[in-house]
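In: quick one, structure for this:
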Amino acid sequence: MIDVGSWHPVAVVGLVFSIVALILGISTAYLAVRGYLRNGQRPMLFIAAGFVLVLLTPFPLLVGFVFPIAEEATLYAISAINQTVGLCLILYGLWTPRTSSISQKI
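Out: Residues are numbered from 1 along each chain as shown. Okay, here's the model as predicted:
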């Protein structure tokens, strides 16, 4: 466990950027879900899920280092898997043709 009083300034900067990444991930995923609800385009759900996996991964990883709940190699593996799956979901959402379920009903 890392003693909070002995944190190096670089560690504090890393924590701040992880929190900013968390906020950006939540807001980006929220906008993608709103886009899906507004337009009915299913690829937006894949894009939202991808952004959640890619942008929200650094924060739990940092928490895992501060409060050692698993080995570092395990945390790195989980992070790499989440980010890879998230990027695949974003790529799939961008690659899929935009067919609106609303226009199919008309």
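In: give me every residue that touches G93.
Out: Counting by Cβ atoms under 8 Å, 6 or more residues apart in numbering, G93 touches P43, M44, L45, F46, I47, G50. In this view, the C-beta of every residue, glycine as well, is placed from N, C-alpha and C.
In: ok, L75 touching L61?
Out: Yes: the pair L75 / L61 is scored as a contact, 5.5 Å apart, by Cβ atoms under 8 Å.
In: still on that earlier bit, just the contacts of G93: which are in strands?
Out: Among the contacts of G93, DSSP state E puts none in strands.
In: show me the contacts for L56.
Out: A21, L22, G25, I26 are the contacts of L56 under Cβ under 8 Å, 6+ apart.
In: top of the residues you listed by neighbour count?
Out: Among the contacts of L56, the one with the most neighbours (other Cβ atoms under 10 Å) is G25, at 20 neighbours.
In: just give the closest residue to that residue, not the sequence neighbours.
Out: L55 (2.8 Å; Cβ to Cβ, 6 or more residues apart in numbering).
In: wait, that neighbour touches L22, no?
Out: Yes: between L55 and L22 there is a contact at 7.4 Å, judged by Cβ under 8 Å.
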